[in-house]
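Colleague: I'll drop the sequence and a predicted model, then ask my questions.
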Amino acid sequence: MALYPTLEATPFVSINQGIEQRVLKSNFDKLGKEQVKRKWLYPKRSVGLSYSNIVNADLRELEQFYIDRYGGFLAFTFIMPSTEISIYEGEYVGTGDGSTTVYNLPFKSATSISITVDGSPYVIGQDSTDAGDCYIIEDGGQDGVDSLVCHVTPPAGTRIITNFTGRLAIRCRFEDTISYSRSNRNISLNDISVSLKGLLMDE
């Protein structure tokens, strides 16, 4: 895994966030009623970033990151900037397999955190020595996200959910190519945009 680069000289000028929830629709009912079935239990988020007049060094860094991910092949983590702190509810963490005790959390440096496993709340301790069902390590997960360590192993098939206030971390892949144009007059670059397709945290 890897962390989406922060381009120091060229911060993005806008960020667009989307959310997708898949359903299956059919008209096979004898009475002609539409039948709807959920295909996904949890939504996936997408991110669109726009940069203006990106400097050459930052463009090369972004290109190399894209190449290292083989385009849209390998996943990485995008963490929302500190200006985008918000309240999130029902964010998917992972599904228990009966043996895994450490999970990446979909946030970084959050507050007001709660954890539920199949609807049952887990008591969050301060650290590994504190009583409770689990504890949280800041920056302890992949790509610098926070991690959840469970004292009580989530049984196989149980779903782990979190509520929190903070910066959302999104597991992503590149959705399409990175394209840009260069001006012949001043060798500067025009605006470019990057589209990131969201995944679940354990994909």
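Modeller: Good, I have the coordinates. Numbering: from 1, shown residues only.
Colleague: Only C-alpha atoms from now on, for both contacts and neighbour counts.
Modeller: OK.
Colleague: Can you read off the pLDDT for residue 36?
Modeller: Note on residue 36: pLDDT of 71.
Colleague: partners of it in the sheet?
Modeller: Under DSSP bridges, the beta-bridge partners of residue 36 are residue 25.
Colleague: That one: neighbouring residues, count only.
Modeller: 11 (other C-alpha atoms under 10 Å).
Colleague: from now on call the first residue 25
Modeller: Okay, residue one is now 25; in that scheme the one you just asked about reads as residue 60.
Colleague: ok, it to residue 49 distance?
Modeller: 5 Å (C-alpha to C-alpha, to the nearest Å).
Colleague: How about residue 227?
Modeller: Counting by C-alpha to C-alpha, the gap from residue 227 to residue 49 is 25 Å.
Colleague: between those two, who's got more neighbours?
Modeller: More neighbours surround residue 49 than the other of residue 227 and residue 49, with 12 against 9 (other C-alpha under 10 Å).
Colleague: Helix or strand: which one has the residue nearest the centre of the chain?
Modeller: Nearest to the mean C-alpha position of the chain, by C-alpha atoms, centre = their mean, lies residue 194 at 0.9 Å. Assigned by DSSP states H and E, residue 194 belongs to strand 183-198.
Colleague: Starting from that strand, tell me which strands it pairs with and how they run.
Modeller: strand 100-103 (antiparallel), strand 110-119 (antiparallel), strand 131-141 (antiparallel), strand 216-222 (antiparallel).
Colleague: distance between the ends of stretch 176-192?
Modeller: 25 Å.
Colleague: Averaged pLDDT, it. What do you get?
Modeller: The pLDDT scores in stretch 176-192 average 94.
Colleague: isn't residue 129 right up against residue 173?
Modeller: No: contact between residue 129 and residue 173 fails when scored by C-alpha atoms under 8 Å: they sit 10.1 Å apart.
Colleague: I'd say residue 151 and residue 171 touch.
Modeller: No: Residue 151 is beyond contact range of residue 171, at 11.9 Å (criterion: C-alpha under 8 Å).
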